[in-house]
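Undergrad: For reference, the sequence and a predicted model appear below.
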Amino acid sequence: MKPAIVLLSGGLDSATVLAIAVAEGFEPLALSFRYGQRHVVELEAARNVAAAAGVCEHKILDIDLRAFGGSALTDEIEVPKDHDPTGGGKIPITYVPARNTIFLAFALAYAEVRDARDIYIGVNALDYSGYPDCRPEFVAAFENMAAVATKSAVEGGPVKIHAPLMSLTRERIIRRGLELGVDYGLTRSCYDPDDAGRACGHCDSCQLRLDAFAKVGVTDPAPYITA
């Protein structure tokens, strides 16, 4: 089996992407980040998801994006609740500056050391909050950069950035994950969970997730304070 780096946040999308990478014949090497996010409960979820998938190597790296702030996820800014989860045409305050660029850069270094030519990321350009680093043009641009950025790419071959959820609705993402046996009860997506790790049910991420499960006709197995 060829190795592939899978960015694993512990949320619904990344758990699905991990299952897709396995289904496509790769040996996944999972990479998660403790980056100063307020929803650190997702890291325990990432560990559980990786273990359930039989991932042989799962690294959790510490980087401090709170040093920059600028996001409700990494700064003393209130997480928006009960509003348009798509952002209403504006990039919401839950956007973390350059997060996916930073994460993919680490994944690229990890891939070079492990002689991997494939990186999986769970970005989505349909049911999302309008983040600029979740669009196909971002993924294509990073892939082009990666082709000239490392010794392995120059001497061996370019890295492929897989974004299999890019054009799927969240409803279709859940259906695909259920087909692959993903246990969504292990995942956590909330931006503002309580101390027990229960989801708020009202932030952008919760609204998108609950709406998708309702469309699928399945109860979201993650714990909620309210729904």
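TA: Arrived safely.
Undergrad: in the lowest-mean-pLDDT helix or strand in the chain, what's buried?
TA: Least confident element among the helices and strands of the chain, by mean pLDDT, DSSP states H and E: helix 151-155 (a mean of 89). Along helix 151-155, the positions that meet the burial threshold by neighbour count (16 or more other C-beta atoms under 10 Å) are Ser152, Ala153. Using the backbone N, CA and C atoms, a C-beta is placed for each residue, glycine as well.
Undergrad: Who are the packing partners of that helix?
TA: Based on contacts counted as 3 or more C-beta pairs under 8 Å, 6 or more residues apart in numbering; DSSP states H and E, the elements that helix 151-155 packs against are helix 99-113, helix 136-149.
Undergrad: any idea which of these is most buried?
TA: Ranked by average neighbour count under the criterion mean count of other C-beta atoms under 10 Å, those are headed by helix 99-113 at a mean of 19.
Undergrad: other SSEs contacting that helix?
TA: Packed against helix 99-113, as judged by 3+ C-beta pairs under 8 Å, 6+ apart, are the following elements: strand 2-7, strand 26-34, strand 118-120, helix 136-149, helix 151-155.
Undergrad: Show residues contacting the shortest one.
TA: Outside strand 118-120, the residues that touch it by C-beta atoms under 8 Å, 6 or more residues apart in numbering are 2-7, 17-18, 20-21, 26, 28, 104, 107-108, 111, 159-164.
Undergrad: Reformat the helices and strands packed on helix 151-155 as TSV; add distance to Gln207 and mean pLDDT.
TA: As requested, these are arranged in TSV below (distance: least, C-beta to C-beta, whole Å; pLDDT from 0 to 100):
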stretch	distance to Gln207	mean pLDDT
helix 99-113	20	97
helix 136-149	24	95
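Undergrad: can you redo the ones you listed as TSV with distance to Cys206?
TA: What follows is these, written out as TSV (distance: least, C-beta to C-beta, whole Å):
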stretch	distance to Cys206
helix 99-113	19
helix 136-149	25
